[in-house]
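J.: what's the 3D shape of this:
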Amino acid sequence: MKKLLAGHFVTVFVITLFSGALQATAQDVRITKDLMQVEYSFNGKTYVIRRNQDPNARIPEAYAKTSRPCPEFCVQPMTIHEGVNTYGELELLSFLQEKVNQGHGFLIDSRTSDWYAKGTIPGAVNLPFNAFVPGPDNVFFDSLMVMLSGKQSADGNWEFTDPKDLLLFCNGPWCGQSPTAIRNLLAINYPAEKLHYFRGGMQSWVSNGFTVEIPN
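T.: Presented below is the predicted three-dimensional model:
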């Protein structure tokens, strides 16, 4: 009987130890096998992006809906336009280090300001999709195009002599805001090869547990 009890306690001890080891491993939530975090600088500030280390974390309720009505929330194509690259999370992280960190590009949150205020990808610049629509109602359009190295010719067309790489995103594959902004930029001659689309948007970002920044 004592031998049976002793064996039982040894078994329980081994199972507990093994479970603890699994839990410790689960806490080490990496981005890839060889990458724990990404650091980059923008506008004099350093950002660090990691994944949530809580194995019980769940996607925020705001991004948990599966059946938004279409129209207006229709599933977007993988390719917005010929020459415009579609990015995943790893490509976005590389863009931050290789383009934004080096001063050659911007990560643009093209959602409306109320969504942006709830949380965004660290270092993203909020330029709502309707800011890229030319017209008398958009008093910011011309100054925004100049900021993006644009110059308007005598015939009213825009030319971009030294355009930055722009990576745009919105709420998810069902969100048409960043695709709309990209199409509007293409319509005024912004080079397609300088435009990039993070189709997964915030829904995919938070689904992978990446760091979210709450703007000040």
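
J.: mind listing the helices for this protein?
T.: In the chain, the segments counted as helices under DSSP state H are 2-27, 89-95, 113-118, 141-147, 177-187, 201-207.

J.: What average pLDDT does the third one get?
T.: This means helix 113-118. Per-residue pLDDT over helix 113-118 has a mean of 97.

J.: Now tell me what touches that helix from outside.
T.: The set of residues external to helix 113-118 that reach it, using CB atoms under 8 Å, 6 or more residues apart in numbering, is Ala62, Asp109, Ala124, Asn126, Pro128, Asn171, Met202, Ile214, Pro215. The way it works is simple: take the backbone N, C-alpha and C, and place the C-beta from them, glycine included.

J.: And the helices of the chain, which one averages the lowest pLDDT?
T.: helix 2-27 (a mean of 45).

J.: For stretch 97-105, list the C-alpha coordinates in PDB.
T.: This file holds the C-alpha atoms of stretch 97-105, laid out as PDB (Å, rounded to 0.1, in the frame of the first residue of the first chain):
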ATOM      1  CA  GLN A  97      12.700  48.900 -39.400                       C
ATOM      2  CA  GLU A  98      13.800  49.300 -43.000                       C
ATOM      3  CA  LYS A  99      11.600  52.300 -44.200                       C
ATOM      4  CA  VAL A 100      10.100  54.200 -41.200                       C
ATOM      5  CA  ASN A 101      13.200  53.800 -39.000                       C
ATOM      6  CA  GLN A 102      15.400  55.100 -41.800                       C
ATOM      7  CA  GLY A 103      13.100  58.000 -42.700                       C
ATOM      8  CA  HIS A 104      12.100  56.600 -46.000                       C
ATOM      9  CA  GLY A 105       8.400  55.800 -45.300                       C
END
